[in-house]
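[1] model this:
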Amino acid sequence: MIRGLFRFLFNVLRMFVRLLDLVVRGAFYALMIFGIGVIVAFFFRPEPEVQPGSALVLRPVGAIVEQPALEPPLALLRAGGAPTGQVRLADLVEAVHAARDDSRIGALVIETDELIGGGLSKLAELRAAIADFKTSGKPVLARGERFTQSQYYLASVADEVHLSADGFVLLRGLARYGTYFKGALDHLGIKVHVFRVGEYKSFSEPFTRSDMSEEDRESSLDLLDGLWRVMRDDIAAGRKLTPEAVDAHVNGIRDALAASAGDAARAALEAGLVDRLSTRDEWRARLIETVGTAAGGDEVRRIAVDRYLALIGQEADAADARIAVIVAQGTIVDGMEPTGVVAGDTFARLIRSVREDDSVKAVVMRIDSPGGSAWASELIRHELALTRQAGKPVVASMSSVAASGGYWIAAGADEIWAAPATVTGSIGIFGMFPEFSEPLRRMGIGVDGVATAPLAGALDPRRPLDPVAAEAMQLSIEHGYRRFLQTVASARNMSIDEVDEVARGRVWTGAAAAELGLVDQLGGLREAVAAAAQRAGVTDYEVVWPEARESFEQRLLRRLLRAGEDLGLDLASGPGGVAHAGALASLVGEMQRSATELLRWNDPQHLYLHCLCDTP
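    Prediction:
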């Protein structure tokens, strides 16, 4: 027996040594790649060069975002935990606008195979920049092995769209289906007490219902109809089709496939969605026909976006005045947090530092957030108000989502800009409190004790929620809603009753919000920056992007990933540059992300301004 025990301990020790060896080896290889990458980046990396007549190639890898964010370093060690690629929208737009007037650029090429998405309004903003590029008379060519809806929406702005002969165009419209947990919670005996104001404030419904409420159904359908009109009309204009023709293809896809004997590529060609079916070598030949080959070789004369931006960055002249763009992307939480969420204390400090920087003449708050902590939202809004009082204009620019707490932040600006496809509004507030007394009772666990006052221990999830505490929570929610209405009414020069008519938790498109007075102007970040500069009275200015400070491990990981990219390695994604996952892995990942979001909710008063409004 003792011998068996020692054998067991020896095996455990041996497994520990092997694990330690793997960790040490992994760290050694990571540092080696990092070191080689630094050497390559600093000593052997060729200077970017634009050959006359080159094609600027847009090949976004992963999701288009406002601000790339790193996952915690240990997340890379999880099975399937590598993050997908991320590319900043502002970089793509800047490159396209610069290329329009650059005589060295002869064409624009769009390749969408590695694009995951990024929100309709972001794609629309990039699409608008490409449409502006076309006014130069330079051709725009696009190709995909196959097109998802997001990929095709971007590609459809091109003069010429190619599709693989074995590909497809997956235009399917928009939908929103939620998962409702009330039945499962009832089965487990778990109660979720919800306190809210606004019949359209639907975020808590998955925990209190088994299906979608009629109010949420009405609001969601109106929202999706508005977003689909934007997408459909843009596609129709790009392809010189009528909106009715696009709708007919989407709604009659079965008949279209039947007519082409199941050939989805042929069906797309006959519907006018693409211009040509081509293989990769035929596509390459078409590009050579358009822009020629590079000097001294047979490769297509082309330059990637990152190389092009590096070049024009070296050529740009410095300006004395600066416009600061602060990106608020993600859930709004209380406290200090790195990039990836909008932390109240972190952003308050960031806004304060920009306000105290004399070279910064105006601030643009770029918001891509469905909301979160009411406390943190007000903290950020207040810092923006102080910036305005200090004499620096503040302009809010809404990206894909600026709803609930995201809209509360925008109320701190002098002027609000939104894209037609922005999801905004959701002016409402709620609180949730879970109760586990019944599951504990079923397991034979009792909870008992004494208290000196009615509310002492009242918010203990092990005990039934005290009616006095429930009433106190509802009164706090109602006060928070009145505060929200007052904040918006003051910012928008509206009466409280006028705000209440368009509030009550209802979500609007940016186009609808402009008609309702919740938004001043429709346009993208570029227009918002110009508006901020005009308010500040400056014409020669530089746009800067101040960010919250990263931890040492985040900075190390970011440099490691960049070093790998310099070596041609993709350390943050799967084959082809994007981390791919099966259907089951995607489902589990979505549940994990939802759980992580709930764990981030840390408002000190448990009051939340959040919108259940994912966008396509």
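[2] list the contacts for the spatially closest residue to residue 243 that is not a sequence neighbour?
    Distances taken as C-beta to C-beta, 6 or more residues apart in numbering place residue 236 nearest to residue 243, at 4.7 Å, with adjacent residues excluded. Glycine gets a C-beta too; all of them are placed from N, C-alpha and C. Residues in contact with residue 236, defined by C-beta atoms under 8 Å, 6 or more residues apart in numbering, are 242, 243, 245, 246.
[3] residue 236 looks like it's in a strand, true?
    No: applying DSSP: H, G, I helix; E, B strand; the rest coil, one finds residue 236 to be helix, outside a strand.
[4] okay, it: pLDDT?
    We have a pLDDT of 98 for residue 236.
[5] could you do the one 4 residues further on as well?
    The predicted local confidence for residue 240 comes out at a pLDDT of 97.
[6] quick one, which of the contacts of residue 236 are buried?
    Buried members of those, scored by 16 or more other C-beta atoms under 10 Å, are 245, 246.
[7] any weak-confidence spans in this protein?
    Low-confidence segments of the chain (pLDDT under 70): 1-48, 70-84, 338-339, 549-616.
[8] contacts only, for the most centrally placed residue in it.
    Nearest to the geometric centre of the chain sits residue 65, at 5.0 Å (C-alpha atoms, centre = their mean). By C-beta under 8 Å, 6+ apart, the contact list for residue 65 reads 86, 87, 88, 89, 118, 122, 329, 368.
[9] okay, those residues in JSON lines with secondary structure next?
    Below are those laid out as JSON lines (three-state DSSP):
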{"residue": "86", "secondary structure": "strand"}
{"residue": "87", "secondary structure": "strand"}
{"residue": "88", "secondary structure": "strand"}
{"residue": "89", "secondary structure": "helix"}
{"residue": "118", "secondary structure": "coil"}
{"residue": "122", "secondary structure": "helix"}
{"residue": "329", "secondary structure": "strand"}
{"residue": "368", "secondary structure": "strand"}
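[10] and the residues you listed, which is closest to residue 137?
    residue 89 (25.3 Å; C-beta to C-beta).
[11] was I right about the closest one contacting residue 124?
    No: the criterion here is C-beta atoms under 8 Å, and residue 89 misses it with residue 124 at 10.6 Å.
[12] look at those two and report which has more neighbours.
    Of the pair residue 89 and residue 124, residue 89 is the one with more neighbours under other C-beta atoms under 10 Å, namely 27 against 24.
[13] for that one, give its distance to residue 63.
    Distance of residue 89 to residue 63, given as C-beta to C-beta, to the nearest Å: 10 Å.
[14] domain parsing for the protein?
    Domain segmentation of the chain under automatic domain parsing yields 54-176+212-314, 320-442+458-549+603-610.
[15] make CSV from the ones you listed and add distance to residue 186 to it.
    Formatted as CSV, the domains of the chain follow (distance: least, C-beta to C-beta, whole Å):
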stretch, distance to residue 186
domain 54-176+212-314, 17
domain 320-442+458-549+603-610, 10
